[in-house]
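Engineer: Build me a model from this:
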Amino acid sequence: MEEVAGSLGRGLWSVLRWLVLVVLFEIAFYWCGYGIIKLATFGKHPINKQANINLCTAAGFVFTCTLLLLVAYFL
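Structural biologist: Next comes the predicted model:
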């Protein structure tokens, strides 16, 4: 019985961890990066959302890290 509960708990933890990562990376970082790229290119890019998912996510991640570092430095 303990083995079943343990494996069920590990499975539930894996699903919750995956959901948090998906929400964080694909929603928060993507939309932050999308907005940053739109502002930096004055609305010209990204045109095709499907082709630029990784670019927008990377830009959002870099912006978020930079913002956190600046806040930590000045506080």
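Engineer: how far away is the spatially most central residue of the chain from residue 33?
Structural biologist: Nearest to the mean C-alpha position of the chain, by C-alpha atoms, centre = their mean, lies residue 25 at 1.8 Å. Look at residue 25 and residue 33: by C-beta to C-beta, to the nearest Å, they are 10 Å apart. Heads up, the C-betas are built off the backbone N, CA and C, glycines and all.
Engineer: Report the set of residues contacting both of these two.
Structural biologist: Shared contacts of residue 25 and residue 33 (C-beta atoms under 8 Å, 6 or more residues apart in numbering): 57, 61.
Engineer: circling back: I'd assumed residue 56 was in contact with the residue nearest to the centre of the chain.
Structural biologist: No. If you go by C-beta atoms under 8 Å, residue 25 and residue 56 don't touch, sitting 10.7 Å apart.
Engineer: CA atoms of the worst-scoring helix or strand of the chain on mean pLDDT as CSV?
Structural biologist: One helix or strand of the chain scores below all others by mean pLDDT, DSSP states H and E: helix 2-22, with a mean of 79. Below are the C-alpha coordinates for helix 2-22, written out as CSV (Å, rounded to 0.1, in the frame of the first residue of the first chain):
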residue,chain,number,x,y,z
GLU,A,2,2.9,2.4,0.8
GLU,A,3,4.4,1.7,-2.6
VAL,A,4,1.1,2.7,-4.4
ALA,A,5,0.8,5.9,-2.3
GLY,A,6,4.4,6.8,-2.9
SER,A,7,4.2,6.3,-6.6
LEU,A,8,0.9,8.2,-6.8
GLY,A,9,2.5,11.1,-4.9
ARG,A,10,5.6,11.1,-7.1
GLY,A,11,3.3,11.1,-10.2
LEU,A,12,1.2,14.0,-8.8
TRP,A,13,4.3,16.0,-8.0
SER,A,14,5.7,15.5,-11.5
VAL,A,15,2.4,16.7,-13.1
LEU,A,16,2.2,19.8,-10.8
ARG,A,17,5.9,20.6,-11.4
TRP,A,18,5.3,20.3,-15.2
LEU,A,19,2.3,22.6,-15.0
VAL,A,20,4.2,25.2,-13.1
LEU,A,21,7.0,25.1,-15.6
VAL,A,22,4.7,25.4,-18.5
